[in-house]
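J.: Structure here, sequence nowhere to be found:
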């Protein structure tokens, strides 16, 4: 799909999970956020708006698999987002496991280097959106 930084897609009639998916992907594609930051910002905006935007900076080191290429930054940022919203250790742990299992089923691994090596070049914005959408879906059930 062709993406234009200037195009503003309509969110009318979309479910919250779809909106979060689209917004996270657009934030990533804007170049102002990487995977972890985009996921955390979208979840913060929709599920914890009282949390200061500055919290997004706390996950800046997670991009590119925490700089080492290991765990996907979108998954790492998503884990932080779940904890930020729920602030309940047991439920956060449960949803984090669910997120990891879902991601591994979809991509085979959670390792950034492997994902980027086995998928098309533009996979990161797409999976960033998918992670944000999945988290919104999970949080919507709670």
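T.: Structure's in. What do you need? Worth saying up front: this structure is predicted, and the values here are computed from it rather than measured.
J.: which non-adjacent residue is nearest the spatially most central residue of the chain?
T.: Among the residues of the chain, residue 39 comes closest to the average C-alpha position under C-alpha atoms, centre = their mean, at 3.1 Å. Among residues not flanking residue 39 along the chain, residue 77 sits closest, at 4.2 Å (C-beta to C-beta, 6 or more residues apart in numbering). Every residue, glycine included, has its C-beta placed from N, CA and C.
J.: quick one: pLDDT of residue 64?
T.: Predicted confidence (pLDDT) at residue 64: the value is 84.
J.: That one contacts residue 72, doesn't it?
T.: No - proximity of residue 64 to residue 72 does not meet the contact threshold set by C-beta atoms under 8 Å, at 9.5 Å.
J.: Settle it for me: which of these two has more neighbours?
T.: Higher neighbour count among residue 64 and residue 72: residue 72, with 31 against 18, using other C-beta atoms under 10 Å.
J.: For that one, what are phi and psi?
T.: Torsion angles at residue 72 (phi, psi; degrees, to the nearest 10) stand at phi -50, psi 130.
J.: Surely it touches residue 106?
T.: No - using C-beta under 8 Å, residue 72 and residue 106 do not qualify as a contacting pair, with a distance of 11.0 Å.
J.: now the helices: where do they sit in this structure?
T.: 16-30, 35-47, 63-64, 73-86, 89-107, 112-118, 123-141 (DSSP state H).
J.: buried set for stretch 60-74?
T.: Of the residues in stretch 60-74, those buried under the neighbour-count criterion (16 or more other C-beta atoms under 10 Å) are 62-66, 71-74.
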